[in-house]
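Peer 1: Everything below, folded, please.
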Amino acid sequence: MPDVLRIFLIITLSVLGAGIAFSLFRAIRGPRRADRILGINMTGSLSTAAIALCAVLSGEPWLLDVCLVYCLISFLAVVVLAKIHIGQKQEAEP
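Peer 2: Prediction:
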């Protein structure tokens, strides 16, 4: 792999890391429940991209399988959280 591409991928990975930190902050801080769900969704999406970049950098194709499984688990978690949020919102309405 050329050095320029390697440096670009490392910079991209560090930007993804910063994005993960910001989305975790949003997931923890809130202020609403919907903001927390979006923060968790964004964290899962950025983590999936980071794992895929690590697979390209290390040359390990099995990491892409891990990436797909993590993406499916993250998606299901967000769907369950959204379903819980909608259910609680409907119970709160008079």
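Peer 1: other SSEs contacting the longest helix along the chain?
Peer 2: Longest helix in the chain, counting residues (DSSP state H): helix 62-92. With contacts defined as 3 or more CB pairs under 8 Å, 6 or more residues apart in numbering; DSSP states H and E, helix 62-92 has these neighbours: helix 33-58. Backbone N, C-alpha and C define where each C-beta goes, glycine included.
Peer 1: was I right about Leu46 contacting Ala21?
Peer 2: No: if you go by CB atoms under 8 Å, Leu46 and Ala21 don't touch, sitting 9.5 Å apart.
Peer 1: the more surrounded of the two?
Peer 2: Legend: neighbour count by other CB atoms under 10 Å for Leu46 and Ala21, higher for Leu46 (20 against 12).
Peer 1: mind checking how far the nearest residue to Leu81 once chain neighbours are set aside is from Ser58?
Peer 2: Counting by CB to CB, 6 or more residues apart in numbering, Ile37 is the residue found nearest to Leu81 once chain neighbours are left out, at 5.1 Å. Distance, Ile37 to Ser58, by CB to CB, to the nearest Å: 32 Å.
Peer 1: more crowded one of the two?
Peer 2: Between Ile37 and Ser58, Ile37 has the larger neighbour count (other CB under 10 Å), namely 17 against 9.
Peer 1: In contact with that one, which residues?
Peer 2: In this structure, Ile37 makes contact with 78, 81-82, 85, judged by CB atoms under 8 Å, 6 or more residues apart in numbering.
Peer 1: how much space between it and Gly44?
Peer 2: 11 Å.
Peer 1: Can I get stretch 57-74 in PDB, CA atoms only?
Peer 2: The C-alpha coordinates for stretch 57-74 follow below in PDB (Å, rounded to 0.1, in the frame of the first residue of the first chain):
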ATOM      1  CA  LEU A  57      -5.100  -1.000   6.900                       C
ATOM      2  CA  SER A  58      -4.200  -4.300   8.400                       C
ATOM      3  CA  GLY A  59      -5.100  -6.400   5.400                       C
ATOM      4  CA  GLU A  60      -7.200  -8.800   7.400                       C
ATOM      5  CA  PRO A  61     -10.400  -9.700   5.500                       C
ATOM      6  CA  TRP A  62     -12.000 -11.400   8.500                       C
ATOM      7  CA  LEU A  63     -12.400  -8.000  10.100                       C
ATOM      8  CA  LEU A  64     -15.000  -7.200   7.400                       C
ATOM      9  CA  ASP A  65     -17.100 -10.100   8.700                       C
ATOM     10  CA  VAL A  66     -16.800  -8.700  12.200                       C
ATOM     11  CA  CYS A  67     -17.900  -5.300  10.700                       C
ATOM     12  CA  LEU A  68     -21.000  -6.800   9.200                       C
ATOM     13  CA  VAL A  69     -22.000  -8.600  12.400                       C
ATOM     14  CA  TYR A  70     -21.500  -5.400  14.400                       C
ATOM     15  CA  CYS A  71     -23.500  -3.400  11.900                       C
ATOM     16  CA  LEU A  72     -26.400  -5.800  12.200                       C
ATOM     17  CA  ILE A  73     -26.300  -5.800  16.000                       C
ATOM     18  CA  SER A  74     -26.100  -2.000  16.100                       C
END
